[in-house]
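[1] coords below, sequence missing:
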């Protein structure tokens, strides 16, 4: 359970969830004045709050706190904004804070010779060091890139590394994407589709674009 700021008393889950919603609203308004919660994103926000409270099988039987979050929905549905708000809430919370990387920036790194080492297994003082990360806008990046004369699919490479970290050490990866499950398979292959399913909880944000 993430230590939501201010929630220091032993309370019922309902009270904890109400507090978490209030904290979410405070961070949302601070980061994005005018941010709206409506029928299109309310359920997704509640799912995210329940996730950070350690899950609740009665509300969401398939929501696993061991996995990351994969926010899906149409263009402009607020996926990236929601992830930035969650990043703000969890900042400084040991084991819950995360870094956000744009998929297109990751692809650019590969084009300039990166092999994605910073996203995979790293060692420090003889121990594996992992971190939680979010791949933002999966599917928006150029699909293929040349690295050391070889053509590859950078995000498939990175997600494979992240799955290995999840499988071995429980490292969490979050994702935002406009792609459907079938489109993920078409772009990155059936193995990546399967691995995303295993390491992420799918949270859907519906509705028209919020961009003005």
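    Great, that's in hand. In this text, all values refer to a predicted model and were calculated from it rather than measured experimentally.

[2] going by C-alpha atoms from here, please, whenever you check contacts or count neighbours.
    Noted.

[3] least confident secondary structure element in this protein?
    Every helix and strand in the chain was compared by mean pLDDT, DSSP states H and E; the lowest is strand 145-147, with a mean of 67.

[4] how long is stretch 73-86 end to end?
    One end of stretch 73-86 sits 17 Å from the other (CA to CA, to the nearest Å).

[5] use 5 as the first number for this chain going forward.
    Let's use 5 as the start, then, which means that last one is stretch 77-90.

[6] chain center to that stretch, what's the gap?
    10 Å (CA atoms, centre = their mean, to the nearest Å).

[7] with adjacent residues omitted, what lies nearest to residue 175?
    Leaving out its chain neighbours, the residue that sits closest to residue 175 by CA to CA, 6 or more residues apart in numbering is residue 169, at 5.4 Å.

[8] what pLDDT does the model give the one you found?
    Note on residue 169: pLDDT of 93.

[9] neighbours around it, how many?
    22 (other CA atoms under 10 Å).

[10] what's the helix or strand for the residue positioned nearest the centre of the chain?
    By CA atoms, centre = their mean, the mean C-alpha position of the chain lies nearest to residue 178, the distance being 2.1 Å. Per DSSP states H and E: residue 178 is located in strand 177-181.

[11] helices and strands around that strand, which ones?
    strand 72-77, helix 83-94, strand 137-142, strand 204-209 (3 or more CA pairs under 8 Å, 6 or more residues apart in numbering; DSSP states H and E).

[12] still on that earlier bit, the residue nearest to residue 175 in helix, strand or coil?
    helix (DSSP: H, G, I helix; E, B strand; the rest coil).

[13] wait, it sits on residue 125?
    Yes - Residue 169 is within contact range of residue 125, at 6.7 Å (criterion: CA atoms under 8 Å).

[14] what sits in contact with each of these two?
    Contact criterion CA atoms under 8 Å, 6 or more residues apart in numbering; residues shared by residue 169 and residue 125: residue 134.

[15] give me the mean pLDDT for the lengthiest helix in the chain.
    Longest helix of the chain, by residue count under DSSP state H: helix 17-35. On average, the pLDDT along helix 17-35 is 95.

[16] that helix to helix 83-94, inter-axis angle?
    Orientation of helix 17-35 against helix 83-94 (axes from the mean of the first three to the mean of the last three CA atoms, to 10 degrees) gives an angle of 110 degrees.
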